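> show me how the following folds:
(4 chains)
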Amino acid sequence: MSDSWESADMMNVAAARELHDGDVCLVGVGPPNLAANLARRTHAPACRLVYESGAIDARPRRLPLSIGDDDLAATATAVVSVPEMFNYWVGAGRIDVGFLGAAQIDRFGNLNTTVIGDHDNPRTRLPGAGGAPEIAASAGRVIVIVKQSPRTFVEQVDFVSSVGYGPTGRERRARGAGPTLVITDHGVLEPDPDTNELTLTRLHPGVTVEQARQATGWALKVADSIKQVDPPTAAELTALRRLRNREPVDA
Amino acid sequence: MSDSWESADMMNVAAARELHDGDVCLVGVGPPNLAANLARRTHAPACRLVYESGAIDARPRRLPLSIGDDDLAATATAVVSVPEMFNYWVGAGRIDVGFLGAAQIDRFGNLNTTVIGDHDNPRTRLPGAGGAPEIAASAGRVIVIVKQSPRTFVEQVDFVSSVGYGPTGRERRARGAGPTLVITDHGVLEPDPDTNELTLTRLHPGVTVEQARQATGWALKVADSIKQVDPPTAAELTALRRLRNREPVDA
Amino acid sequence: MPRPVPLGEAIAAHVHDGDTVALEGFTHLIPFAAAHEIARQGRRHLTLVRMTPDLVYDQLIGLGVADELVFSYGGNPGVGSLHRFRDAVERHWPHRLVVHEHSHAGLANAYVAGAARLPFAVLRGYRGTDLEEQRDIVGRVTCPFTGEELAAVKAVNPDVAVIHAQLADRDGNVMLWGITGVQREAVLAAQQAIVTVEEVVDEFPERTGAVVLPNWVLSAVCVVPGGAWPSYAAGYSVRDNDFYQQWDAVSRDREAFLAWARENGLPTTEEVGAHV
Amino acid sequence: MPRPVPLGEAIAAHVHDGDTVALEGFTHLIPFAAAHEIARQGRRHLTLVRMTPDLVYDQLIGLGVADELVFSYGGNPGVGSLHRFRDAVERHWPHRLVVHEHSHAGLANAYVAGAARLPFAVLRGYRGTDLEEQRDIVGRVTCPFTGEELAAVKAVNPDVAVIHAQLADRDGNVMLWGITGVQREAVLAAQQAIVTVEEVVDEFPERTGAVVLPNWVLSAVCVVPGGAWPSYAAGYSVRDNDFYQQWDAVSRDREAFLAWARENGLPTTEEVGAHV
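A predicted model of the protein is given here:
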């Protein structure tokens, strides 16, 4: 076992730490899937994983490669249809924590996963909204996991796929609290309590405020008393490696 | 086996005869239940019985006593939730034939199953609408089964629970054709092709037009060429008796 | 408290005077035992919600538990009238019962909207019926794409839903099958949900058409074998059709009804007091 | 024709040029074999509907089958982009693809409305997103009871729905289980429905969470074991994750894609002719 780790590991570990035992967590593909399963294998074994494919209380034995893996259905307490998932579970506000990713994010936590450029004639066609708009609107807390770079952290998103706090930070009128945390490979951003502007509040080990500023496409607001994130523990790194290797949980 | 039969038998037999093989039939409690199961045991073994409790293609072995008997679920091709039944099956227009009863009916086939008297202070509180309003609106054909009397066949219903052709016969704007047949213990009424006024078109054996007029609370319109309904056959009466005795289908 | 608790505790903790309470079960799995416990504890001024009031609400109405009723079909299926319901509406005995009346499709969709935490649901139906005059619960909306006018029903969100199911597992998850009616929606539309079950098992069997409810949407699970009698629990009991027949005579007469209540230890309005 | 028919016959009879066609299956039970048969028969100008276009539509789009796409998430799950989809949208190869874009909740509810033959569905969501600018498919309605404004989606009613399921019985009824996605709604929303199945059995097993579709809502049932490869059919196969990985390289390059098409006997636009 090695103690060496990369900034992406830190991002996933930091995201996992935000899940608490008993939390109902809506898990999407990619880093959210890794973070949620990491939480379940470390400090939050009783957090409840819900996948938009319909699996409720899934207990995947290996890291699922898609949100529709048979292992999710086979280990879930219940499997419901996709309309029921979105209407009775996501839309109804039964999700405590939603993890989301983004290709672009602005200072008010609005997310773009749709296009770079014009919608009708895009320069880059991205996958699209998927389940994110309703998760963004209805989950109790939204945690965005995204690597920080000026291409991603932009002054204005090309397309609003999912609403954070709206164009000026004051337009949110949805059930959930919105993006309460943005976890990057540099640190953690949180909305300012007054303006909802994303503010750097925590730094990952070895990262400087200046680096975070350089990785941000707007003039990054930094908290007065910035906190240091604890580095990944050996247990976290081991669990993360096992997940990535798709080792079964009881191996 | 006796050839003697009563006017109620004739009513049920006449109703059963209107169901054809392959018809999808929404079955309610009471006479509709008897008629639909009679059809299935005589000339229309492949008619499809749907119960609003959620049972699709139910094949009850004995006459069910309620629309929620276990035998319906146990013999059905599929059992769906009540919301799904009304939204995806009844409301979507997948029912060919809906059988309905009524406490009151007017000359345009509007039905009351709610109250006699005022809704807030009724003289008689009836069971209410149940599944009837949507069946009346959405089934391809609606067949009303009801004993004829001046108390039931009224100039104006006290409450419109289910719409036939509307107050003047010209207001119907629903998916299905509406009440295409009203089968009574006296004969059969059909809406006039021009005015939708219920018109006596067939008489049961032994019943006179005058008797039907006396049993109607409005000036009953009678077809020029009134037809005689064939009396129940021995096979129909035997099947009816067995159903009423709740004998299993293979006894 | 998802682990099995005594029924009396669950009702005491979650059902309060003045609550809106939905006891659901469409002919099948009607939670009679829980209803009787509500009556036994002397709850009053409830707004009762149920598609088919059936005997279970005829009893509660006769006992004076309910001030209001939200429903869609109030008959004794295959037998006739619900006499206690009629007596309350027609002659205000033991007191006046205010009714809010839907079609089956309407009330089912009101639960659907409630389960989705939407304020209303859209459906075909109601148009041209006098049910539309209840404008506080039945309205109209216009399709923004076609201009078609459709019926809307106001969502139902009970304070408490109560259902009976066949099984719970050791974690307090619940499984029901057979005719599952509108129970999933009633539980998810409610703020609290109480489930009585036939038994607790280590692992759920495979059952086509089953509804499985995770423990975290339930407030209490109580083991009450036979808790649906005189209705039934598929795989465990059959419907007591004789009781449904006999109820007609019991309920038709106030004295006979009061005698039945006394025999079953169910306090009537005089015993509880009309105002609590 | 509910009795098993050859897949080629079913597609020839029910899928026509210019049709709106929904091939559904959420990661699980994706009807790849039926999709390939549609391509093999040279169908053109289809409007394809699917929540997650996945590889199945990446292939059809690359082959030039589709003029329009209605969808909600167009990625290769766990791998990355759908390159044929991107090439069609970004560079109009083999021709321009018009997109109509929903969220998952939006498209799921558009099917729900379609299955109920309602013109629209109401949901929370969309509010404040740029998806709302597609006013022909996303609108707003006001709750007649609370005044709250909510999102509305236009119903989707495909000409044909195609799904893959585990089982048919001898009467042509169909059963699927595991992750059942939006297949029930897609079939019931469509005018015609074609189902490919793993096998035909005398009697369906008990399966919690199964969807059973009666034969009279289906136009054709075809026995196509492995018809979901490289996706999977729970109980019959596992997802071919390697193929999903490999597709990234195949689809990234037009020539590699065309070679794949030739190898699999799937005619491309030049072979079929752009206008039919």
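> got the contact list for C:Val98?
C:Asp67, C:Glu68, C:Leu69 (C-beta atoms under 8 Å, 6 or more residues apart in numbering or on different chains). C-betas here are computed from N, CA, C, even on glycine.
> out of the residues you listed, which sit inside strands?
Mapping the contacts of C:Val98 onto strands (DSSP state E) picks out C:Asp67, C:Glu68, C:Leu69.
> could you export these as TSV, including neighbour count?
Shown next, in TSV, are those (neighbours: other C-beta atoms under 10 Å in any protein chain shown):
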residue	neighbour count
C:Asp67	17
C:Glu68	15
C:Leu69	23
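> and those, which is closest to chain B?
C:Leu69 (10.3 Å; C-beta to the nearest C-beta).
> out of the contacts of C:Val98, who's near chain B?
Applying C-beta under 8 Å from any C-beta of the partner chain to the contacts of C:Val98, one finds that nothing falls near chain B.
> how about these in TSV, adding distance to D:Ala108?
Formatted as TSV, those follow (distance: C-beta to C-beta, whole Å):
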residue	distance to D:Ala108
C:Asp67	39
C:Glu68	35
C:Leu69	34
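> quick one: C:Ala154 and C:Pro119 touch, right?
Actually, residue C:154 is Lys rather than Ala. Yes: between C:Lys154 and C:Pro119 a contact is recorded at 7.1 Å, counting by C-beta atoms under 8 Å.
> tell me who's in contact with A:Gly91.
Contacts of A:Gly91 by C-beta under 8 Å, 6+ apart are A:Glu134, A:Ser138, C:Ala116, C:Arg117, C:Leu118, D:Ala105, D:Leu123, D:Arg124, D:Gly125.
> any idea how far it is from chain B?
16 Å (C-beta to the nearest C-beta, to the nearest Å).
> could you check the pLDDT of the spatially closest residue to that residue that is not a sequence neighbour?
Leaving aside its sequence neighbours, A:Gly91 sits nearest to D:Arg124 (C-beta to C-beta, 6 or more residues apart in numbering or on different chains; 4.7 Å). pLDDT for D:Arg124: 87.
> now do the strands in the chain.
Here I'm looking at chain A. Taking DSSP E as the criterion, chain A carries its strands at A:24-27, A:48-51, A:55-58, A:78-79, A:97-100, A:104-105, A:111-112, A:115-117, A:122-125, A:141-145, A:179-183, A:187-191, A:198-203, A:221-228.
> think we crossed wires, I meant chain C
So, for chain C - with DSSP E - the strands run C:20-23, C:46-49, C:66-71, C:75-76, C:80-81, C:98-101, C:120-123, C:138-142, C:149-154, C:160-169, C:174-176, C:192-201, C:211-213, C:220-223.
> can you name every helix or strand that the last one contacts?
Looking back up the chat, that one is strand C:220-223. helix C:7-14, strand C:192-201 (3 or more C-beta pairs under 8 Å, 6 or more residues apart in numbering or on different chains; DSSP states H and E).
> quick one: contacts for the residue nearest to C:Arg140 when sequence neighbours are not counted?
Spatial nearest neighbour of C:Arg140, excluding adjacent residues (C-beta to C-beta, 6+ apart): C:Glu149 at 5.4 Å. By C-beta under 8 Å, 6+ apart, C:Glu149 lies in contact with C:Arg127, C:Arg140, C:Val141, C:Thr142, C:Cys143.
> likewise C:Ala113?
So C:Ala113 contacts C:Pro119, C:Phe120, C:Ala121, C:Val153, C:Lys154, C:Ala155, C:Val156, C:Ala189 (C-beta under 8 Å, 6+ apart).
> could you count how many residues lie near the nearest residue to C:Ala210 once chain neighbours are set aside?
Spatial nearest neighbour of C:Ala210, chain neighbours left out: C:Trp177 (3.9 Å); criterion: C-beta to C-beta, 6+ apart. If you count neighbours by other C-beta atoms under 10 Å in any protein chain shown, C:Trp177 ends up with 26.
> shouldn't C:Trp177 be in contact with C:Ala234?
Yes: here C:Trp177 lies in contact with C:Ala234, judged by C-beta under 8 Å, at a distance of 6.6 Å.
> overlap in contacts of these two?
C:Gln166.
> OK, contacts around the nearest residue to C:Tyr232 once chain neighbours are set aside?
Spatial nearest neighbour of C:Tyr232, chain neighbours left out: C:Arg239 (4.3 Å); criterion: C-beta to C-beta, 6+ apart. Applying C-beta under 8 Å, 6+ apart, we find C:Arg239 in contact with B:Leu65, B:Ser66, B:Asp69, B:Asp70, C:Thr27, C:Pro230, C:Ser231, C:Tyr232.
> for C:Gly178, see how far away the first one is.
Taking C-beta to C-beta, to the nearest Å as the measure, B:Leu65 and C:Gly178 are separated by 16 Å.
> got it, and the last one?
C:Tyr232 sits 9 Å away from C:Gly178, taking C-beta to C-beta as the criterion.
> any shared contact partners between those two?
B:Asp70, C:His28, C:Leu29.
> so which of those sits lowest on pLDDT?
B:Asp70 (88).
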